[in-house]
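Participant: Show me how the following folds:
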Amino acid sequence: MKKHLLPLLFFLAWQLPGLFAQQIIFVDASAGCPGNGNSWASAYCELQTALENASPGSTIWVAAGTYQPDRGPNNNPGTNSSFVLRNGVTILGGFSGNESEAQDRDWEANQTILSGNIDGGNNYSTTVVRGSDLDQSAVLDGFIIENGRASTSGSWTSPATSGANMHLTNSSPAIRNCIIRNGIASY
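Facilitator: Here you go, the predicted structure:
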């Protein structure tokens with residue numbers, strides 16, 4: 001038994017770094033759709049698409065621009081749409097769209113906006129960003145979150161009717177370098 005254990009341990013030590021390699025997914029609102037998210041040149045044009053394709057360990061790099069939660073394939077259009085944070089997924093805003101290192105981004109100069117104004121008119125997401133049962137491995141960093149409008153009647157515990165810009169349930173995600181503004185929530 002011990003004779004076979006040593007080769008197995010060497011094999012696992014050789015393979016483990018690749019198993020936990022960080023996947024970077026690129027998003028740029030000015031990119032041509034559909035894109036595959038593998039580089040800035042082939043970036044997804046919608047953040048929702050990147051979120052749908054992210055897995056634990058993924059980091060999403062988002063270029064400056066405005067992103068609405070009702071955009072992207074397989075998404076439920078309308079005012080109940082939200083960007084949903086997930087454990088193990090890091091979402092970084094503030095890129096200009098040509099960086100090769102995360103530390104080269106400038107979230108103050110390259111404003112990356114998550115907007116609840118879903119059609120440019122009078123329709124707004126009731127919750128722009130939401131999450132449930134999140135820990136510190138869910139990261140949102142370098143964004144302006146704005147224009148959520150939670151003014152419908154209903155339960156204050158439901159992201160469909162409350163929250164405006166952000167609704168977190170039983171959660172403590174890492175939210176850094178973010179500005180949360182111009183949200184309205186009434187009950």
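
Participant: in this structure, which residue is closest to the centre?
Facilitator: The geometric centre of the chain, computed from its C-alpha atoms, lies nearest to residue 91 (CA atoms, centre = their mean), at 4.6 Å.

Participant: which residues does it contact?
Facilitator: Residue 91 sits next to 47, 51, 59, 60, 62, 85, 139, 140, 141, 143 when contact means CB atoms under 8 Å, 6 or more residues apart in numbering. C-beta: built from backbone N, CA, C; applies to glycine.

Participant: swap the cut-off to 10 Å and go again
Facilitator: Contacts for residue 91 (CB atoms under 10 Å, 6 or more residues apart in numbering) come out as 25, 27, 47, 50-51, 54, 58-62, 83, 85, 112, 114, 129, 138-143, 173.

Participant: Repeat that for residue 84.
Facilitator: Residue 84 sits in contact with 48, 51, 52, 69, 127, 129, 130, 131, 132, 134, 138, 159, where contact means CB under 10 Å, 6+ apart.

Participant: I figured the fifth one hits residue 118, correct?
Facilitator: No - contact between residue 127 and residue 118 fails when scored by CB atoms under 10 Å: they sit 11.7 Å apart.

Participant: Compare these two (neighbour count), which wins?
Facilitator: Taking neighbours as other CB atoms under 10 Å, residue 127 and residue 118 compare with residue 127 leading, 30 against 21.

Participant: what bridges to the more buried one?
Facilitator: In this structure, residue 127 bridges to residue 164 when assessed by DSSP bridges.

Participant: cool, the one 5 residues further on as well?
Facilitator: For residue 132, the beta-bridge partners are residue 169 (DSSP bridges).

Participant: thinking it is in contact with residue 163, fair?
Facilitator: No - the pair residue 132 / residue 163 is not scored as a contact, 11.6 Å apart, by CB under 10 Å.

Participant: of the two, who's got more company?
Facilitator: Taking other CB under 10 Å, residue 132 and residue 163 do not tie; residue 163 has more neighbours (25 against 13).

Participant: dump the residue contacts of the more buried one.
Facilitator: Residue 163 makes contact with 82, 116, 125-130, 148, 150, 156-157, 169, 183, 185 under the criterion CB under 10 Å, 6+ apart.

Participant: For residue 40, state which of those is nearest.
Facilitator: residue 129 (23.8 Å; CB to CB).

Participant: Count the neighbours of that closest one for me.
Facilitator: For residue 129, using other CB under 10 Å, the count is 27.

Participant: tell me the SS of it?
Facilitator: strand (DSSP: H, G, I helix; E, B strand; the rest coil).

Participant: again, but for residue 33
Facilitator: coil.

Participant: For it, give me the backbone phi and psi.
Facilitator: phi -80, psi 150 (degrees, to the nearest 10).
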